[in-house]
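>>> just the structure for this:
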Amino acid sequence: MFESLSDRLDQVFKKIKGHGHLDEKTIQDGLREVRLALLEADVNYRVVKDFVDRIRERALGQEVLSSLTPGQQVIKIVHEELIELLGGESADLAFTPDTGPSVFMLVGLQGSGKTTTAAKLALHLKGQGHSPFLVPADVYRPAAIDQLHTLAGEIQVPAFASRSDMDPVAICQEAIEQARDQDCDIVLLDTAGRLHIDEHLMQELSRIKESCRPQEILFVADAMTGQDAVTVAERFNQLLDISGVVLTKLEGDARGGAALSIRSITDKPIKFVGMGEKLKDLEVFHPDRVASRILGMGDMLTLIEKAQQEFDDQESAALEAKFQKADFDLEDFRNQMRKVRKLGSMESLMKMIPGMGKIRDQIKDARLPEHELTRVEAIINSMTPKERHKPSILNASRKERIARGSGTTQADVNQLLKNFSQMQKMLKKMSSKGGGMSGLNGLDPSAGLGMPGQAAAKNKPKKKIDRKKQKLKAKQKKKKKK
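Here you go, the predicted model:
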């Protein structure tokens, strides 16, 4: 998401920072590049015009021209205006104040991802302690009802037993009563969509809105559709008065135009974004964090939140005890490696760390650590539980079997075992000095367990310098000169 926009803006800011003093012409040239970058990212032209005008007004004032570091000040202004453009701050869901269940209605065109988003949102709310109830109200699309029931089973959430011959309005009304009887506090209505907006669709959605009075009407839009998503969102907002937007498929090569335009055009906040195909891949939309990602400043808060979901304090304490006893084995390492990989690809994690985006571009032709992690995990998977717990029992025949099973070589297995032994000693040493889990948190799992050619290059011993030979060569040079 936003990669092409980020690259273009980075080039613009490099030019601006290259000037020791900013005059009006330099700022105007820079803003022209910013405008082109936003238009290429498929941002609505009205949004681009207002955005650039606000930056120009601030940049041409004393705020920049009197600054000691004008280039940095321009970036600061763009960052602040970008946050404002995206909504200023994250928007919470509205829950009903009375005893009845809160009703959230999902609307949008067919294929935008409403059904999957309904299940993702149910899982997200369940994780917050709520009791969601899923309602398949799309009686027109083949297998839509079965799809939502299957997803509900995966996340262990109750769903209403809809039938394709039922009236959608009646389905929603009966489902709310059933949810109340089952003590569910949230009802998620997965409504029907069309390939385009038509009168019949909007009348049906209006009737559901009038009869169920939802606390939230969330417009689900496919970010890949660009400007068309903005047009459709505007139309849905006029007819239904939506309360918020959910953008799906932002993990793809979406240029970001929809995310930057919808908020301004509809004046309704983006509340969630879909960042993958898995049901857990739904994130709360934070304008400040997204603005930082666009400008290459990273997003450490999101990275920390993801890590907190995967690692708990009790497990960390147990691992620390294992370090101190030198009992941290390959089974433990594999478990930790899998948790790190659950946070996302190495490429996506690098984007969240400030400054790492540029390094990622420099090594784009090289193999990223996750490729090495795949090989390391394959080797560990080929071992028996006893071998993973006690690698010292691995002899030549066992290593040959492991290499065949993992599709690697015996040299790869030896390199892994050698580097793992060194890492065990390092972790024990860090723990004995009171480093605790901080040592593990700063550890790149691939750095200590790389394959030959990666770790071997790092551990290559330096050549000893022969001082006598150097003196002899120096004398011979002097004789030749004479």
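
>>> name the residues that touch the helix or strand hosting residue 49?
Residue 49 belongs to helix 45-59 when elements are defined using DSSP states H and E. With CB atoms under 8 Å, 6 or more residues apart in numbering as the test, helix 45-59 has contacts from 27-28, 31, 34-35, 38-39, 43, 64, 74, 77-78, 81, 85, 260-261, 264-265. No exception for glycine: its C-beta is placed from N, CA and C like everyone else's.

>>> just the buried subset of those residues, please.
Listed as buried from these are 27, 31, 34-35, 38, 43, 64, 74, 77-78, 81, 85, 260-261, 264-265; burial here means 16 or more other CB atoms under 10 Å.

>>> between these, which is nearest residue 213?
For the buried ones among the contacts of helix 45-59, the minimum distance to residue 213 (CB to CB) is 25.9 Å, reached by residue 265.

>>> ok, the closest one - contacts?
44, 46, 47, 230, 233, 234.

>>> next: residue 205.
Per CB under 8 Å, 6+ apart, neighbours of residue 205: 105, 107, 191, 239, 240.

>>> any idea what the second one is bridged to?
Assessed by DSSP bridges, residue 107 has beta-bridge partners residue 219.

>>> from residue 47, how far off is it?
Using CB to CB, to the nearest Å, residue 107 is found at 23 Å from residue 47.

>>> now swap in the last one and tell me
From residue 240 across to residue 47, the span is 22 Å (CB to CB).

>>> domains in the chain, by residue range?
3-85, 102-297, 311-458 (automatic domain parsing).

>>> so which of those domains is the most packed in?
domain 102-297 (a mean of 20; mean count of other CB atoms under 10 Å).

>>> pLDDT of that domain, averaged?
Averaged over domain 102-297, pLDDT sits at 87.

>>> what about the helices in the stretch 151-300 of the chain?
Along the stretch 151-300 of the chain, the segments classed as helices by DSSP state H, counting those that start in this stretch run 168-181, 199-212, 227-240, 257-266, 287-294, 300-310.

>>> out of these, nearest to residue 120?
helix 300-310 (14.8 Å).

>>> next up, the contacts around the closest residue to residue 182 other than its chain neighbours.
Spatial nearest neighbour of residue 182, excluding adjacent residues (CB to CB, 6 or more residues apart in numbering): residue 158 at 6.2 Å. Neighbouring residues of residue 158 by CB under 8 Å, 6+ apart: 133, 134, 152, 179, 182, 184.

>>> ok, residue 249 touching residue 274?
Yes: if you go by CB atoms under 8 Å, residue 249 and residue 274 touch, sitting 6.2 Å apart.

>>> show me where the stretch 1-150 of the chain has helices.
3-17, 24-40, 45-59, 62-65, 70-85, 114-127, 144-155.

>>> any idea how far the nearest residue to residue 180 once chain neighbours are set aside is from residue 217?
Leaving out its chain neighbours, the residue that sits closest to residue 180 by CB to CB, 6+ apart is residue 101, at 5.8 Å. To residue 217, residue 101 is 16 Å away according to CB to CB.

>>> and what of residue 389?
From residue 389 to residue 217 the distance is 55 Å (CB to CB).

>>> then residue 115?
In terms of CB to CB, residue 115 sits 17 Å off from residue 217.

>>> grab the nearest non-local neighbour of residue 93.
Looking at residue 93 with CB to CB, 6+ apart, the closest residue is residue 216, at 5.8 Å.

>>> swap in residue 38?
residue 48 (4.6 Å).

>>> out of the buried ones among the contacts of helix 45-59, who's nearest residue 207?
residue 265 (26.2 Å).

>>> could you tell me which helix of the chain is the longest one?
helix 410-432 (DSSP state H).

>>> which strands and helices lie in contact with that one?
Using 3 or more CB pairs under 8 Å, 6 or more residues apart in numbering; DSSP states H and E as the contact test, the elements touching helix 410-432 are helix 313-324, helix 369-381, helix 396-406, helix 438-441, helix 445-448, helix 455-458.

>>> so what does the third one touch, helix or strand wise?
The one in question is helix 396-406. Against helix 396-406 (3+ CB pairs under 8 Å, 6+ apart) you get helix 369-381, helix 410-432.

>>> reformat the ones you listed as CSV; add distance to residue 208.
Listed next are the helices and strands packed on helix 396-406 as CSV, based on distance: least, CB to CB, whole Å:
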stretch, distance to residue 208
helix 369-381, 45
helix 410-432, 58
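
>>> export those to a markdown table and tack on distance to residue 222 and mean pLDDT?
Formatted as a markdown table, these follow (distance: least, CB to CB, whole Å; pLDDT from 0 to 100):
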| stretch | distance to residue 222 | mean pLDDT |
| --- | --- | --- |
| helix 369-381 | 28 | 80 |
| helix 410-432 | 43 | 78 |
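
>>> residue 128: which of those helices is closest?
Closest among the helices and strands packed on helix 396-406, using CB to CB: helix 369-381, at 30.4 Å.

>>> beyond that closest one, next helix or strand please.
Scanning onward from helix 369-381 (DSSP H and E), the first element met is helix 385-389.

>>> contacts for that following helix, please.
By CB under 8 Å, 6+ apart, helix 385-389 touches 329, 330, 331, 334, 380, 393, 394, 398, 402.

>>> what angle do the one helix or strand the fourth one maps to and helix 369-381 make?
Following DSSP H and E, the helix or strand that holds residue 334 is helix 330-342. An angle of 150 degrees separates the directions of helix 330-342 and helix 369-381 when computed by axes from the mean of the first three to the mean of the last three CA atoms, to 10 degrees.

>>> on contacts alone, who are the packing partners of helix 330-342?
On a contact count with 3+ CB pairs under 8 Å, 6+ apart, helix 330-342 meets helix 300-310, helix 313-324, helix 369-381, helix 385-389, helix 445-448.

>>> by mean pLDDT, show me the worst of those helices.
helix 445-448 (a mean of 43).

>>> how many residues are close by the residue nearest to residue 263 when sequence neighbours are not counted?
What sits nearest to residue 263 in space, not counting adjacent residues and going by CB to CB, 6+ apart, is residue 87, at 4.9 Å. With neighbours defined by other CB atoms under 10 Å, the count for residue 87 comes to 24.

>>> residue 87 and residue 268 touch, don't they?
No: assessed by CB under 8 Å, residue 87 is found out of contact with residue 268, at 9.0 Å.

>>> so for the two, which residues contact both of them?
If you check residue 87 and residue 268 against CB under 8 Å, 6+ apart, no residue is contacted by both.

>>> tell me the contacts of the residue nearest to residue 263?
263, 269, 270, 285, 287.

>>> may I ask which two of these are separated the most?
263 and 285 (9.4 Å).

>>> quick one: common contacting residues for those two?
86, 87, 269, 270.

>>> and those residues, which two are the farthest apart?
86 and 269 (9.0 Å).

>>> check contacts around residue 118.
106, 134, 148, 151, 188, 190.

>>> so who does the fourth one touch?
Translated: residue 151. Contacts of residue 151 (CB under 8 Å, 6+ apart): 115, 116, 118, 119, 134, 279.

>>> doesn't residue 109 make contact with residue 195?
Yes: look at residue 195 against residue 109 with CB under 8 Å: they come within range, at 6.7 Å.
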